[in-house]
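J.: pasting the structure only:
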């Protein structure tokens, strides 16, 4: 009889920790990908002489973050705090590169 590893009751602590490690790596990869795209946005803004900050775009990002948090039943405040941090880091990088 095979063990169903998708059932948390059947997974060992080591298996669960390995799963978390894999997820953590995916999160870092996604942050790196997002940062790369944000850097590209910054380059486009600089070439077009646009301001670093776009409050309406930031508001849309935060709204999407909240909607996604609700969709996946994750704490909205936590998700929005993470996205605020990502936005602030991107803005700081944009200011430094100008």
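T.: Here it is on my side, so go on. Since the structure is predicted, the reported quantities are computational estimates derived from the model, not experimental observations.
J.: got the contact list for residue 62?
T.: With contact set as Cβ atoms under 8 Å, 6 or more residues apart in numbering, residue 62 has these partners: 80, 83, 84. All C-beta atoms are positioned from the backbone trio N, CA, C, and that covers glycine.
J.: pLDDT and neighbour count added to those residues, as JSON lines?
T.: As requested, these are exported to JSON lines (pLDDT from 0 to 100; neighbours: other Cβ atoms under 10 Å):
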{"residue": "80", "pLDDT": "98", "neighbour count": "16"}
{"residue": "83", "pLDDT": "97", "neighbour count": "19"}
{"residue": "84", "pLDDT": "97", "neighbour count": "14"}
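J.: ok, these vs residue 55, which is closest?
T.: Among the contacts of residue 62, residue 84 lies closest to residue 55 (Cβ to Cβ), at 12.9 Å.
J.: skip the chain neighbours and tell me the closest residue to the closest one.
T.: residue 62 (7.3 Å; Cβ to Cβ, 6 or more residues apart in numbering).
J.: same question for residue 90.
T.: Nearest non-adjacent residue to residue 90 (Cβ to Cβ, 6+ apart): residue 38, at 4.2 Å.
J.: what about that neighbour, which helix or strand?
T.: helix 13-47 (DSSP states H and E).
J.: check the offset of the helix or strand of the chain with the lowest mean pLDDT from the chain's centre.
T.: The weakest-scoring helix or strand in the chain, judged by mean pLDDT, DSSP states H and E, is helix 76-97 (a mean of 90). How far helix 76-97 lies from its chain's middle: 10 Å, per Cα atoms, centre = their mean, to the nearest Å.
J.: what residues are up against the residue sitting nearest the centre point of the chain?
T.: With distances taken as Cα atoms, centre = their mean, the chain has residue 31 as the residue nearest its mean C-alpha position (5.4 Å). Going by Cβ under 8 Å, 6+ apart, residue 31 touches residue 86.
J.: the following helix or strand past the helix holding residue 38 to helix 76-97, inter-axis angle?
T.: Toward the C-terminus, helix 13-47 is succeeded by helix 55-71 as the next helix or strand (DSSP H and E). Calculated by axes from the mean of the first three to the mean of the last three Cα atoms, to 10 degrees, helix 55-71 forms an angle of 150 degrees with helix 76-97.
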